[in-house]
Structure formats: structure tokens, C-alpha cells
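Novice: quick one: sequence and predicted model below, then my questions.
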Amino acid sequence: MSRSITLRNGRTFLAKLDDEENIIKSKADSYNNLVGLDDNRLSEDVRTDINAVIGEVNLLLRGKLKQFRGLCQANVTKSTSGEPIPLDSDLEGFWDITYPLIDKVKEKFAKLDMRKAKQWAPVEEYDPNDINNRPRALDDRLKQLQPQQNKSSKIPVTKSSNDDLKKLIQERRKAAANSANQNHDVEIFVAPK
């Protein structure tokens, strides 16, 4: 199966760049106007989140996108100041690196749009690729240590049974600390299997 690769030139990328810049600039401007209003509905956390995304847009516009624009213009005019003229394939590679940054900013604006639609309530985020944000799988030993519910009556474990468990743990810790101070024997508690 033959796959044709379409190389785009500097003019094509300049047009794409203009479109993407207009999208993120207009979003940044609208949120900047929203923050500029003295609106009591916006908490300090919301204002901070909005300003962080606007700042990311500004950095992107002044950094990578400005650099990419210069490369595209050098490709179109075929004149540089002693630098090699960027090839169409060079522009393809730079775009492949740059576009995910634009996409990331657009995703952040989409999250802000969701929060705005929910009167700025926090939006639960779950990233399956983030190791620290995955639901934890409890192994059987940890499940045994957790208070169990009576499955037949569906009555949750009472507060007193939780308090009893806490007292038992504290007593064992004190006893272990006292015995460690008196003699240097180590006592290991193992949950029954």
C-alpha cells in the first residue's frame, strides 16, 4: 500500500499558523476581558487559572510560534541572513513539534469553557496517563484492614466501631513504643490472611 506524503510549503504553514493564532488570541482576549471585569463570581483560583492559560498563550505566541513564522517566511522568500533556507520538510517537522503546544492550550480553554458553563465549579479531571491520578487498586491485605459493611443489611459501619479500631491501633502503638524503650525486641503485627 503506497502512502503519498504531501509536503506543505511556507505559504501553507503561514496560513495554518494565522488560523491557529487567531483562534487562541481571540480566546485569550475574551478571557482577559472577563478577568478585567470586576466580577465577584470569579474566585481568586479561577482568576489564577485563567491568567495561567493567557500567560501560556502569550509565551507561545512570542516564542515557538514567532520562531515558526520566521522559518516559514524564510522558506517563502528563500532569503536568509546567512542561515540555511528551511526546507518544506523542516517546516513539517517543526509543525509536528509545535502543534501539540497549540492543541494543549486549546484544551485548557475548553476546560475553562466547561467551568464557565458550570458557574465556575471545579471540573473533575482524570488523566489515564498520569500515574499519580489513577484510581488505586487495593490489594487484598489492605481490603481486610478496612472496616467491612454488613452485606446482608446494607448498614454502614458505625462510627463507634471506627473509634474502637482507632483506639486499638493507638494502644498497640503505645505498647510497641513502651516495649521498644524497655527492651530492644521488635514486635511485628501481621494481618490474618
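Specialist: Cool, got the structure.
Novice: show me which helix runs longest in the chain.
Specialist: Longest helix in the chain by number of residues (criterion: DSSP state H): helix 88-117.
Novice: give me the low-pLDDT residue ranges for this structure?
Specialist: Within the chain, the ranges that satisfy pLDDT under 70 run 1-7, 38-39, 80, 124-159, 179-187, 193.
Novice: I'd like to know which elements the helix or strand harbouring Ile24 is packed against.
Specialist: Assigned by DSSP states H and E, Ile24 belongs to helix 10-36. Packing contacts for helix 10-36, counted by 3 or more C-beta pairs under 8 Å, 6 or more residues apart in numbering; DSSP states H and E, involve helix 44-62, helix 64-77, helix 88-117. For the C-beta atoms, the positions are set from N, CA and C on the backbone; glycine is no exception.
Novice: chain center to stretch 60-74: distance?
Specialist: Relative to its chain's centre, stretch 60-74 lies at 26 Å (C-alpha atoms, centre = their mean, to the nearest Å).
Novice: buried residues, that stretch. List them.
Specialist: Within stretch 60-74, the residues that count as buried by 16 or more other C-beta atoms under 10 Å are Leu60, Leu61, Leu65, Phe68, Arg69, Leu71, Cys72, Gln73, Ala74.
Novice: how is the chain carved up into domains?
Specialist: For the chain, automatic domain parsing gives the domain ranges 10-132, 137-182.
Novice: I appreciate the help and will end here.
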